[in-house]
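A.B. asks: please work out how this folds:
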Amino acid sequence: MGFVDAIKTCLAKYFVFSGRALRSEYWWFVLFVVIVSIALAIVDASLFGMNPETGESNQVITPIFQLAVVIPMLAAGWRRLHDTGRPGWYLLLPAALSIATMFMVFSGVAVFSVLEQGADDPDALRGPAALLGTTGLMVVGVVQLILSVLMIWWLSRPSEEGANDYGPPAV
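C.D. replies: Numbers count the residues shown, from 1 in each chain. Model (predicted):
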């Protein structure tokens, strides 16, 4: 499958999470999204200028495009994992870990805030809290890196020969 065919297929299957997707279909679509995002970032910088305080360009068009392609990217990745014989929900593992991490960080801050209020010496809790938080974030960072590399590995695997649990081979 070529570049244009992959884009047409992924956009035509905007909400299709069943079936299988060829490796070329998925990766050509990823390349399309990256190229268009870069081009739109340049257009945003040209049209809307830079923020003088931060030096970053004001993004207006790029986020709209990226929101528009979130669903077809998920659907294409879901179908791609199906093509390798894996469940599509595996694609959500890195995001689920990030959400769980945010929940744990906010919970930890809340717990240590409550403990600090009831402690005789609140400064004594700051060292253990910092150590626990830093260690936890380092562990989660390593797990996130491993999950991300594993996801790239799974998405780049060859298609399973013949029909699998998710349907006949993609054409």
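A.B. asks: tell me where this structure has helices.
C.D. replies: Using DSSP state H, the helices assigned to the chain run over residues 3-12, 23-48, 61-83, 93-118, 123-155.
A.B. asks: so which elements touch the longest one?
C.D. replies: Using 3 or more C-beta pairs under 8 Å, 6 or more residues apart in numbering; DSSP states H and E as the contact criterion, the elements in contact with helix 123-155 are helix 23-48, helix 61-83, helix 93-118. The way it works is simple: take the backbone N, C-alpha and C, and place the C-beta from them, glycine included.
A.B. asks: just put these in TSV and tack on mean neighbour count, distance to residue 16 and mean pLDDT.
C.D. replies: Converted to TSV, those look like this (neighbours: other C-beta atoms under 10 Å; distance: least, C-beta to C-beta, whole Å; pLDDT from 0 to 100):
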stretch	mean neighbour count	distance to residue 16	mean pLDDT
helix 23-48	16	12	93
helix 61-83	18	6	95
helix 93-118	12	20	86
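A.B. asks: nearest approach to residue 4 belongs to which of these?
C.D. replies: Using C-beta to C-beta as the measure, helix 23-48 is the one of these that comes nearest residue 4, at 8.5 Å.
A.B. asks: which neighbouring elements make contact with that closest one?
C.D. replies: Helix 23-48 is packed against helix 3-12, helix 61-83, helix 123-155, with contacts defined by 3+ C-beta pairs under 8 Å, 6+ apart.
A.B. asks: okay, which residue is most central for this protein?
C.D. replies: Here the mean C-alpha position of the chain is nearest to the C-alpha of residue 95 (C-alpha atoms, centre = their mean), at a distance of 5.9 Å.
A.B. asks: any chance of a markdown table for the helices and strands packed on helix 23-48, columns distance to residue 51?
C.D. replies: Output for the helices and strands packed on helix 23-48, formatted as a markdown table (distance: least, C-beta to C-beta, whole Å):
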| stretch | distance to residue 51 |
| --- | --- |
| helix 3-12 | 32 |
| helix 61-83 | 15 |
| helix 123-155 | 28 |
